[in-house]
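>>> Quick one: sequence plus predicted model below, questions after.
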Amino acid sequence: MNQHNPIALEVNKIQAYWRKAVHNNEQLRLIRLMILPEEARLYEGFLKLESSPHGQLEEVFVTHLTSFEGEDTFSAAIIKDWLTTYDNSTALLQDLEAQNSALSWDPAPFRQLSASPDKQLLQLLQSFQAALPHQPRTLVLALLPRQVSDTRSFTRWLTKLLKLGVPTGVRITVIDHVGKDYLLINDRPFPGQILSFHVPLQLAEAIQRLATSGNPNDPEISYRKCLFEMGNAAKDKDIKRLHYWGERMLESAQRSGNKGLFATAHLSYAGMLFNFKRDPKLPSLLDKATRISKQGMQQDDKACLPLLIQSYGYQGAYAQIRRNYMTAIEWFLQQAALAEQHQYLPQAITSWFQVVELSRRKDSSRYHTFLEQAYKCGLPMTDDEISSSAYAFLAADYYDYAYTNKQVSLTSEIDERLGRVFGKDWKAEVDKMKKSKMKTLMPPQLSEEEEEETEEETSKQ
């Protein structure tokens, strides 16, 4: 890692604190890295870096992304993933042997899952640590679950391992959030074994320095500098300063002669103004972004297709905020059609979700027609795409419609598909997901008072 890179310098801070607080503390068995939400990617990168040949710390890190689905199954899931990773590491093991650092570990005793998987996991960690070359070496199991079904259950699992006794030379590392303490454990039964710490970082400043380093006359560097300044202005609710940097960004992007960058600048500027929904400049920025993106597509600028799709979505969101619901539906329909035409199916489904929800509330005569089109749009999607998009919400609604109308083959088709992705209780799972994501999927609206004030301000322009 380039030590002059601003992000690398922040990682160095974590490494330095680890050496100071963790390295020579032989009693430690569990390390809880306390982070702020915006630091998640950096800490993930830190743990993955230390698990690679480029790691800087003295310990041997093994990072696992195994999903936590329950305290009774997690140890077995880690063992399975551990063995899979080991079996797929033939080249690495050969390199270690060539460097006189052979790993003489025997995985055979762990191929058969025992009746006590928690004990078996600890035995696996102990045997692997003992097999590490250049002893004494400490093994760190870093857990970054892709998903955690229940943080309280995860905490109970960690407590159970501590009670069983994490072996000497082995440490478990998890990530928790400052002020939330999702994985807080009573440390009185485990004196000296648990350490929680937060390393103060200047991540936002580091990202800004990295993004704006280089030739200040380069339009893309100038664009990024303006974007950061606009973000700071928006955070301070300083609309005058936001407009100042927004205009500078447009000027810089236009000088580049790059249609994609020019359209991006308009969309970025408009996106910032969504924090000030009554600003009269917002619709003109959206119209120009749409027009420039179309011009870029005519000139075969590949970057302009996703920008045009995005601009249609912004237009729809703005119309919806202004309570122009029929106009919003038409914009989202255009977005869905263009995204589907070019096989951007997850984006198309998001657009269809907007159309269906708006028609349900404001244009019920077209609701079922739109719902059917939305369902058919997502038929080519993979299970992973279904699980990470709004398609499950649409399919669940279409299931209810088909069930009401006694369309047995269609209900069976949907039941099989969603059951494969979310399990036999898919209805409850999808309903829970929809409730948690609804606010982020649907843009907020102006109140009637805000709308009247906006119309008065616009008429004075």
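That came through fine.

>>> need the contact list for Q298.
Q298 makes no contacts at all, as judged by CB atoms under 8 Å, 6 or more residues apart in numbering. Where C-beta positions appear, they are placed from N, C-alpha and C, glycine not excepted.

>>> and the gap between H23 and I175?
19 Å (CB to CB, to the nearest Å).

>>> Give me the more crowded residue out of those two.
I175 (20 against 13; other CB atoms under 10 Å).

>>> dump the residue contacts of the more buried one.
R32, L33, I35, A40, Y43, L144.

>>> check which helix or strand covers it.
strand 170-177 (DSSP states H and E).

>>> Same check on K163?
helix 151-164.

>>> So for that helix, mean pLDDT?
In this model, helix 151-164 carries a mean pLDDT of 95.

>>> follow-up on the earlier one: buried residues in the helix or strand just after the strand holding I175, which are they?
Next helix or strand after strand 170-177 toward the C-terminus (DSSP H and E): strand 194-197. Of all the residues in strand 194-197, those buried under the rule 16 or more other CB atoms under 10 Å are I194, L195, S196.

>>> Ok, stretch 328-341 next?
So, applying 16+ other CB under 10 Å, buried residues of stretch 328-341: 328-340.

>>> next one: stretch 232-241
A233, A234, I239.

>>> From start to finish, how long is that stretch in a straight line?
9 Å (CA to CA, to the nearest Å).

>>> ok, residues contacting it?
By CB under 8 Å, 6+ apart, the residues outside stretch 232-241 that reach it are E229, L242, Y244, W245, M272, N275, F276, D279.

>>> Thought F228 was touching the fifth one, still the case?
No - M272 sits out of contact with F228 when judged by CB atoms under 8 Å, with a separation of 11.2 Å.

>>> Settle it for me: which of those two has more neighbours?
A direct count of neighbours by other CB under 10 Å for M272 and F228 places M272 higher, at 23 against 18.

>>> need the contact list for that one.
Here M272 is in contact with M230, G231, A233, A234, L242, G246 (criterion: CB under 8 Å, 6+ apart).

>>> measure it to S412 for me?
With CB to CB as the criterion, M272 and S412 are 48 Å apart.

>>> Q373 now?
Distance from Q373 to S412, by CB to CB: 21 Å.

>>> And these two? Which one has more around it.
Neighbour tally, Q373 and S412, criterion other CB under 10 Å: the higher count belongs to Q373, 18 against 12.

>>> What is the subsequent helix or strand relative to the helix or strand hosting that one?
For Q373, the enclosing helix or strand under DSSP H and E is helix 367-377. Proceeding N to C from helix 367-377, the next assigned helix or strand is helix 383-387, under DSSP H and E.

>>> Quick check: L418 touching D431?
No - L418 lies out of contact with D431 (CB under 8 Å); the separation is 11.4 Å.
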